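*Asks:* My questions are about this predicted structure, shown below with the sequence.
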Amino acid sequence: MGSFDYLYGSNSDQNVDDTKKTGGVRDLKINGKTVPAIFFHKPDEPYGWLSNWYLCDFELDGMKFSSAEQYIMYQKCVLFGDNASAKKVMSTDDPAQQQAIARSASGFIPKVWEGIRQTVVEKALYARFAQNENSKKLLLDTGDAWLVECANSDKIWACGVGLYKDEKNDVGNWQGTNILGFALMKVREDIRRETASVIGSQTKSGETNSNHHEPIEFQGKSTIQLIKRGITKFKVDAVVNAANSDLAYGGGVCRHIFDDAGVNEMKSACAAIGGCKTGHAVITPGFNLPAKFVIHAVGPIWRDGEHNEKKLLYSAYKQSLLLAKEKNLHSIAFPLISAGIYGFPRDLAWRKALQACNDFIKDNPDYNIEISFAVVDDDILKLGESVRKDLGI
C-alpha cells in the first residue's frame, strides 16, 4: 500500500493514553471560558479518524471516493476545468498524491476556491459520516466538544498550532482558522438532528409522537409555544432560518430549510438579496415548504459574551418579528438561533429568544401573532421550558 499504510489502521488510536500523547480530549480556553475539545491531526494519531486523509469509502455525485480529501481535491480540479488532473486524483487513494496533483492543477483562482471550499468539504464530510455507521457513531459520541485540527503549517484548515504544543489549548494562541474542525462540528449537528428526527418518526403506532411529518397549522391570538418538531414541518406564515451573513447554503437548520424549500430556488432568492448583517433579518418565499415565507435571521457567533452577542441575538429575533408584522404575517416558527455551531450557551440563547418574543407581544398588543419554537432534542426542549418558567412567560 506504500507510504500511506497508516491510513488503513483501525480506530484503536483513540484508546492511546493521552498523558503520553497530547491529542484527544482536553480543555480549550476561549477568553477565560473553558470548553471540552478534541484535538487531532494525522490518521495514525489520537482521533485521527476525524482527518480528511482517513480512508473511508463513500459515494457522492454518482462516484465512489476513498476519503474526504479525494473528493475535495477532485472538486478543486473540476471546478477550474482541469479534468485531466481530476482523473489523476481519482487514480490514487493516497491523499498526499491527490493534494499534490490538485495543487498543480491549471486554471486555479484562489478567491473562487476560498468562497466555495467550505461547502465542498462539508458535503464530503456529511456523505462520509452519514454513509458509515461506525464513523457516524464516533462523531456523535464526541458530544458538544469543539473539534480542532492541529498543524503548525496549516493556517486555513487547521488552527495553525501543532498537536503536541500546549499553545493549542487556548484559542488566543491560534494562528489559523480551523475550517475543518468547524465543518466537522456542523456536520455533527446535521447528523444529530436527522438522527433525532428518524427516531421520532419510528415511534410505535398509538404512542405520542410530536416528530411525525404532518404539518402543523396554528390559529388564534398571540402565544408562545415550544414544540418538538422539525422546523420545515410547520404550516405557518413564516419559518425562520438560522442564516449566515452570506445567506449561503449551510449546515443544520439552514441545510434542512434549503433542501426542503428547493435548494436552487432558495439559493437564487438569497443571492438576489446579497447578504444580511448580524442581528438583522430578510425574507424570501417559502417555495416548497408548508410555510409561505422564510425569514432569514443572522445570529451572532459566541465569543465571550463581551462582544454584543446577547444584544445581537435579541435583535435577530426582534427584527424577524418586525419583518413578520410588516408583511402582515400572523404565525411564525423559530429555531434556537446561534445555539448550534455558533456556540451560544443554550440557556442564555433560550433566555434571549423568549425575552425578545415576549417583549414583542407586549409592545404590539393590537397585533396577534402565534410564535413557535421548533426543537428536535428532548434536553434542549426541557431546558427551554425551564427557562420559560423561570422568566414567567
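*Replies:* Arrived safely. Predicted, not measured: the structure shown is a model, and the values here were computed from it.

*Asks:* can you give me the strands in the stretch 101-250 of the chain?
*Replies:* Per DSSP state E, counting those that start in this stretch, the stretch 101-250 of the chain carries strands over the ranges 146-149, 216-217, 223-228, 234-235, 238-243.

*Asks:* Distance to Leu321 added to these, as CSV?
*Replies:* From N, CA and C alone the C-beta is placed, and that goes for glycine too. Putting those into CSV (distance: least, CB to CB, whole Å) gives the following:
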stretch, distance to Leu321
strand 146-149, 32
strand 216-217, 19
strand 223-228, 11
strand 234-235, 16
strand 238-243, 9
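
*Asks:* With Val298 as the reference, name the closest of the ones you listed.
*Replies:* With distances scored as CB to CB, the stretch of the strands of the stretch 101-250 of the chain nearest to Val298 is strand 238-243 (5.2 Å).

*Asks:* Quick one: name whatever helix or strand follows that closest one.
*Replies:* helix 252-261 (DSSP states H and E).

*Asks:* ok, and what's touching the next helix or strand after that next one?
*Replies:* Counting by DSSP H and E, the element after helix 252-261 in chain order, helix or strand, is helix 263-273. Here helix 263-273 makes contact (CB atoms under 8 Å, 6 or more residues apart in numbering) with 247-249, 257-258, 282, 284-285, 287-288, 294, 296.

*Asks:* Put the buried members of those residues into a ChimeraX selection.
*Replies:* Selection of the buried residues among the contacts of helix 263-273 in ChimeraX, burial being defined by 16 or more other CB atoms under 10 Å:
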select :247,248,249,257,258,282,284,287,294,296
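
*Asks:* Worst mean pLDDT among the strands of the stretch 101-250 of the chain?
*Replies:* Lowest mean pLDDT of the strands of the stretch 101-250 of the chain: strand 216-217, a mean of 44.

*Asks:* thinking again about what came up before, need the worst-confidence member of the contacts of helix 263-273.
*Replies:* Within these, lowest confidence goes to Tyr249 (84).

*Asks:* so who does it touch?
*Replies:* Contacts of Tyr249 (CB under 8 Å, 6+ apart): 119, 255, 258, 263, 266-267.

*Asks:* residues contacting Val35?
*Replies:* If you count contacts by CB under 8 Å, 6+ apart, then Val35 has 27-28, 145-146 around it.

*Asks:* can you do 6 Å?
*Replies:* The contact partners of Val35, by CB atoms under 6 Å, 6 or more residues apart in numbering, come to 28, 146.
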